[in-house]
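A.B. asks: pasting the sequence and the predicted model now:
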Amino acid sequence: MGAGASAGEITADTVAGKAEEVLTLNPDNRCVKYLLEMKNEGTLPTEAADLARLYACAKTGLENVDSGLGCYAMDPKDYDDLALNPDN
């Protein structure tokens, strides 16, 4: 899931796996904390297009391990559509 990963390669399992890896390196990374909450609650998107949108928003937090936040909406609709809450 590096910079060269295509949307076709992104699955809920690969996103959650990367989030778990980052969380062990930086427990303060809120992006991965909330991705793993979504996984545990069963609320990670299952549709490929929605998962690709979520990955685009979370990519900074997943690829920059030392990030404290690292989740940025690409479009204002992402906050509602993907249940992104910047206040948590």
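C.D. replies: The structure has been received and is ready for your questions. Values in this document were obtained by computation on a predicted structure and should not be read as measured data. Numbers count the residues shown, from 1 in each chain.

A.B. asks: tell me which element V32 falls in.
C.D. replies: Assigned by DSSP states H and E, V32 falls within helix 30-41.

A.B. asks: figure out how far that helix is from the centre of its chain.
C.D. replies: 8 Å (Cα atoms, centre = their mean, to the nearest Å).

A.B. asks: packing partners for the helix or strand following that helix?
C.D. replies: Counting by DSSP H and E, the next helix or strand C-terminal to helix 30-41 is helix 48-63. Counting contacts by 3 or more Cβ pairs under 8 Å, 6 or more residues apart in numbering; DSSP states H and E, helix 48-63 packs against helix 12-25, helix 30-41, helix 77-81. Yep, even glycine has a C-beta here, placed from its N, CA and C like the rest.

A.B. asks: show me what counts as buried in helix 48-63.
C.D. replies: Using 16 or more other Cβ atoms under 10 Å as the burial criterion, the residues of helix 48-63 that qualify are L51, A52, R53, L54, Y55, A56, C57, A58, K59, G61, L62.

A.B. asks: ok, of the residues you listed, which one's closest to M38?
C.D. replies: Nearest to M38 among the buried residues of helix 48-63: L54, at 8.3 Å, using Cβ to Cβ.

A.B. asks: once you drop chain neighbours, what's closest to that closest one?
C.D. replies: In space, and not counting its chain neighbours, L54 is closest to L82: 5.2 Å by Cβ to Cβ, 6 or more residues apart in numbering.

A.B. asks: please name the residues that touch that neighbour.
C.D. replies: Shown in contact with L82 (Cβ atoms under 8 Å, 6 or more residues apart in numbering): P45, D50, R53, L54, C57, A73.

A.B. asks: if we can go back for a sec, quick one: the helix holding V32 to helix 48-63, angle?
C.D. replies: Going by axes from the mean of the first three to the mean of the last three Cα atoms, to 10 degrees, helix 30-41 is angled at 140 degrees with respect to helix 48-63.

A.B. asks: much appreciated, bye for now.
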